[in-house]
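**Q** Take this sequence and fold it.
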Amino acid sequence: MESRSARRWLAVALSLLGLGLVAARVALVVATGTVNFAGQTVGSEILGSFWPLGALAVGGLITVRRPELRMGWWWLAIGLSAATMIFGQLYARYSLVLAPGKVPGGVTAHQLAELSFLTLFASLVFAILLFPDGHLPARGWRWLGWLLGGCWILGLPLFFVPGGSGMVEGLGRPWGVKGFAWYGTVFAQLVLVFCLVAVLTLAAQVGRYRRSGGRERAQLKWLTFGGVMVLLGFALEYPLVLLGIRVEGMVDVVYEATVFNAPPVAVGIAVLRNRLYDIDRIISRTLAWTVLTLLLVGAYVSLVVVLQQVLAPVTGQSELAVAGATLAAAALFTPLRKRVQSGVDRRFNRERYNHERIVAAFRTRLRSEVDLQALSADLVATVGATVQPAHVSLWTPAAGGREPRAASPTAEKPRP
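**A** Alright, predicted model coming up:
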């Protein structure tokens, strides 16, 4: 009991430390007007400080309510690493670039930011690998955990590679060692190994999903939903980058908040709730709209490029090409949405798709069936296969009298 209480207090302390780092970053922005990258506003920098709160809140809640679950500790590590990274970035920029020598500890803050960056991604992959019960999908995957830990350890010498770190604009690594530049090439290969580990982690979760059932499968579906939201965010951003459109201000803040907080919120719902909502419908709708968005954006960009090439010699303007591409995308929306939703339901929401097929087949047989007894049996079988009640009966008037007749062939399957 004392150990459980101590772990809860440790979780509270770490959560408060992360919140304190977020608050300190906001205070630094307000007091000095410092922004992490040129072109950002003070307002967007302040709002951008809050994206680690999702992981901090979920990790804190899980560890306080169920400190024995390692899953909560990993998400707490993710939130704390993110808070340390964004605070270290901004403090190092102010201390070493914008106001050199005015405040101490800039080099240490820069080092902590880089260390937190590596820890953030390693913890995220570990959290996915151990979801939802804090254990590996199977003993055979233990080597993957060791490989991931090895990637994190081998990434630490990157601190001594001279040159720009990318963590702070306009600042290299002041502690870099000249003769250690070769490790930059090694680290590039290490990144490829880390990406392979991430892919294998997803494969391990696919295997866990296929073996799971009931509550665990619903929890894994929530994790999938969080991942789909991240992919949707990147899918929306990439076409804008290709078109040279830079998203700034409040839109960028909302985008970051959605992308970075969708996974921890989904994990929190999966771990802390007993009833997990109708996650199949949520996932199928999200996947359908993600695919639909990608197809429409791809079609729009392709049509703009093609129409500009075709119409440029005639009109010399691009407005007509843009208008034509917009009309074509609008015309494609409804038929494309129906086809995409049908394909997603057939692949990912199979139960609902099978139920719809059973009902459609019954509707077809209903037009030609004349035998009341056969029709009654078929109706009961269809209801049993789609709604799956504990018991189903159909009462019909008996021929030549008022006595009702029951038909309840619940064990029979509807005819194809």
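**Q** Quick one: the helices in this structure, in order.
**A** Assigned helices in the chain, in chain order: 2-32, 42-47, 53-65, 70-93, 106-130, 142-155, 183-211, 215-242, 249-272, 279-315, 319-347, 350-368, 372-386 (criterion: DSSP state H).
**Q** Single out the most deeply packed of these.
**A** Most buried of those, by mean neighbour count (mean count of other C-beta atoms under 10 Å): helix 70-93, with a mean of 25. C-beta here means a position set from N, CA and C on the backbone, and glycine is covered the same way.
**Q** okay, the angle between that helix and helix 2-32?
**A** Angle between the axes of helix 70-93 and helix 2-32 is 30 degrees (criterion: axes from the mean of the first three to the mean of the last three C-alpha atoms, to 10 degrees).
**Q** what residues are up against R211?
**A** Listed by C-beta atoms under 8 Å, 6 or more residues apart in numbering, R211 has no contact partners.
**Q** follow-up on the earlier one: distance to V168 and mean pLDDT added to the helices of the chain, as JSON lines?
**A** Below are the helices of the chain laid out as JSON lines (distance: least, C-beta to C-beta, whole Å; pLDDT from 0 to 100):
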{"stretch": "helix 2-32", "distance to V168": "14", "mean pLDDT": "86"}
{"stretch": "helix 42-47", "distance to V168": "14", "mean pLDDT": "75"}
{"stretch": "helix 53-65", "distance to V168": "22", "mean pLDDT": "84"}
{"stretch": "helix 70-93", "distance to V168": "5", "mean pLDDT": "88"}
{"stretch": "helix 106-130", "distance to V168": "6", "mean pLDDT": "86"}
{"stretch": "helix 142-155", "distance to V168": "18", "mean pLDDT": "87"}
{"stretch": "helix 183-211", "distance to V168": "17", "mean pLDDT": "85"}
{"stretch": "helix 215-242", "distance to V168": "22", "mean pLDDT": "73"}
{"stretch": "helix 249-272", "distance to V168": "19", "mean pLDDT": "73"}
{"stretch": "helix 279-315", "distance to V168": "33", "mean pLDDT": "69"}
{"stretch": "helix 319-347", "distance to V168": "39", "mean pLDDT": "75"}
{"stretch": "helix 350-368", "distance to V168": "49", "mean pLDDT": "69"}
{"stretch": "helix 372-386", "distance to V168": "59", "mean pLDDT": "72"}
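**Q** Dump those helices to a markdown table, plus distance to R173.
**A** Listed next are these as a markdown table, based on distance: least, C-beta to C-beta, whole Å:
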| stretch | distance to R173 |
| --- | --- |
| helix 2-32 | 22 |
| helix 42-47 | 24 |
| helix 53-65 | 27 |
| helix 70-93 | 11 |
| helix 106-130 | 8 |
| helix 142-155 | 14 |
| helix 183-211 | 11 |
| helix 215-242 | 28 |
| helix 249-272 | 26 |
| helix 279-315 | 38 |
| helix 319-347 | 45 |
| helix 350-368 | 52 |
| helix 372-386 | 63 |
